[in-house]
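Asks: missing the sequence, but the structure's below:
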């Protein structure tokens with residue numbers, strides 16, 4: 001099996017849908033001799049900020065000299081981004097080799113009368129096998145969807161369960177109330193485990209506290225008031241943070257947006273608590289350098305200047321609010337051209353209500369995904385705002401048009417779907 005054949009097999013399982021539950025993945029991993037066991041896992045769930053928080057955690061651990069696996073989804077430009085060690089994507093040859101191994105186990109499952117694993121279950125199994133073979137020190141593991149029934153939740157004894165901000169998203173799978181969604185996210189909390197959580201809305205926080213009580217888990221909630229922002233600009237952000245009885249002054253991150261300071265604070269809090277609770281060795285220098293070097297592509301990422309071109313994977317209300325806050329903070333008074341494409345199963349009207357009034361012109365396009373909101377429907381929704389817009393189904397043409405419309409002092413922003421942002425990023429890099 002070569003790389004292209006591996007991708008064909010993996011993506012060919014898309015037809016099996018997205019099913020929450022651990023029976024299938026557990027059976028598959030048992031056939032693979034349980035590669036997920038004995039991994040030292042930092043498990044991260046939540047609605048927003050999961051990827052950035054994972055990036056901060058892994059960057060600090062790497063800076064200390066550890067061999068760190070990182071499992072995230074979805075990918076932006078290349079499939080191998082989803083499975084990394086020390087910032088390096090899984091080599092295509094190894095992906096092909098491990099996929100062939102997993103495919104053999106899947107065929108045995110079918111013979112034994114089991115359901116065919118979903119795409120996410122297969123990718124998760126490939127990741128675990130790779131990390132086992134490579135003998136990593138730590139695995140920073142991002143939940144794919146929810147938590148309780150997510151394939152990553154086969155991990156039974158994480159070093160720490162980290163919960164980022166929870167909001168409304170994927171309601172067709174997770175429930176239509178914040179309490180139901182939070183209960184699914186809190187599914188990564190295991191008996192007696194350490195939990196570090198972002199301070200949630202009361203409805204979500206009550207659920208997390210309740211699950212921790214049931215599981216006899218040790219809950220630590222980070223304090224936003226212990227963050228002191230010193231300086232913010234479009235190049236970096238400087239802040240102070242107090243965790244437990246320790247002060248960290250003049251911490252610097254290159255990721256943009258105040259929410260990234262909060263993500264960094266959550267990551268640092270989890271790591272610092274691990275040093276106290278699990279005796280993991282981390283120097284202050286590793287913490288400072290790791291946070292400074294951490295990056296997360298496609299999230300409030302400035303791709304060029306004159307004109308400023310910004311891409312952001314904001315794909316729900318919480319993400320769009322963070323994007324608008326950043327635009328108002330750093331680009332107030334500038335002409336803003338918005339390129340947007342959205343998936344139909346998102347809270348589209350609420351997202352548009354937040355961002356469209358803040359921009360001057362739009363270019364509408366369509367993510368390359370079966371769930372994409374069709375352009376005619378998006379255009380109908382945009383009409384009510386009385387903003388000038390262009391329509392280009394082809395993302396390449398949408399990018400070219402947005403750049404053509406911009407003068408040197410203007411700001412071009414692309415957002416709405418990670419599936420679109422990856423393609424936009426590839427085009428802009430060229």
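Replies: Yep, that arrived. As the structure is a computational prediction, the values presented were derived from the model and not from experiment. Numbering: from 1, shown residues only.
Asks: wait, isn't residue 103 in contact with residue 5?
Replies: No. If you go by C-beta atoms under 8 Å, residue 103 and residue 5 don't touch, sitting 9.6 Å apart. Heads up, the C-betas are built off the backbone N, CA and C, glycines and all.
Asks: so between the two, which is more surrounded?
Replies: Legend: neighbour count by other C-beta atoms under 10 Å for residue 103 and residue 5, higher for residue 103 (18 against 13).
Asks: tell me the confidence at that one?
Replies: pLDDT recorded at residue 103 is 97.
Asks: show me the contacts for residue 29.
Replies: Residues in contact with residue 29, defined by C-beta atoms under 8 Å, 6 or more residues apart in numbering, are 35-36, 125, 128, 154.
Asks: hey, which helix or strand in the protein has the poorest pLDDT?
Replies: helix 171-174 (a mean of 82; mean pLDDT, DSSP states H and E).
Asks: how far out from the middle of the chain is the helix or strand just after it?
Replies: Downstream of helix 171-174, the first helix or strand assigned by DSSP states H and E is helix 178-185. The chain centre lies 18 Å from the centre of helix 178-185; the measure is C-alpha atoms, centre = their mean, to the nearest Å.
Asks: other residues contacting helix 178-185?
Replies: Residues outside helix 178-185 that contact it (C-beta under 8 Å, 6+ apart): 45-47, 143, 146-149, 163, 166-171, 174-175, 200-201, 203-204, 206-208, 211.
Asks: pull out the buried residues from that helix.
Replies: Buried residues in helix 178-185, defined by neighbour count with 16 or more other C-beta atoms under 10 Å: 178, 181-185.
Asks: out of the contacts of helix 178-185, which sit inside helices?
Replies: 171, 174, 203-204, 206-208, 211 (DSSP state H).
Asks: give the contact list for residue 212.
Replies: Residues near residue 212 by C-beta under 8 Å, 6+ apart: 186, 189, 195, 218-219.
Asks: for ChimeraX, write the selection for the buried entries among those.
Replies: Per 16+ other C-beta under 10 Å, the buried members of the contacts of residue 212 correspond to this ChimeraX selection:
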select :186,189,195,219
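Asks: from the contacts of residue 212, which two are the most distant?
Replies: Pairwise distances across these (C-beta to C-beta) peak at 14.2 Å, for the pair 186 and 218.
Asks: so which elements touch the least confident helix or strand of the chain?
Replies: helix 178-185 (3 or more C-beta pairs under 8 Å, 6 or more residues apart in numbering; DSSP states H and E).
Asks: just checking: what are the partner strands of the helix or strand just after the helix it packs on?
Replies: Moving toward the C-terminus from helix 178-185, the next helix or strand (DSSP H and E) is strand 194-197. Strand pairing for strand 194-197, determined by DSSP bridges: strand 160-163 (parallel), strand 218-221 (parallel).
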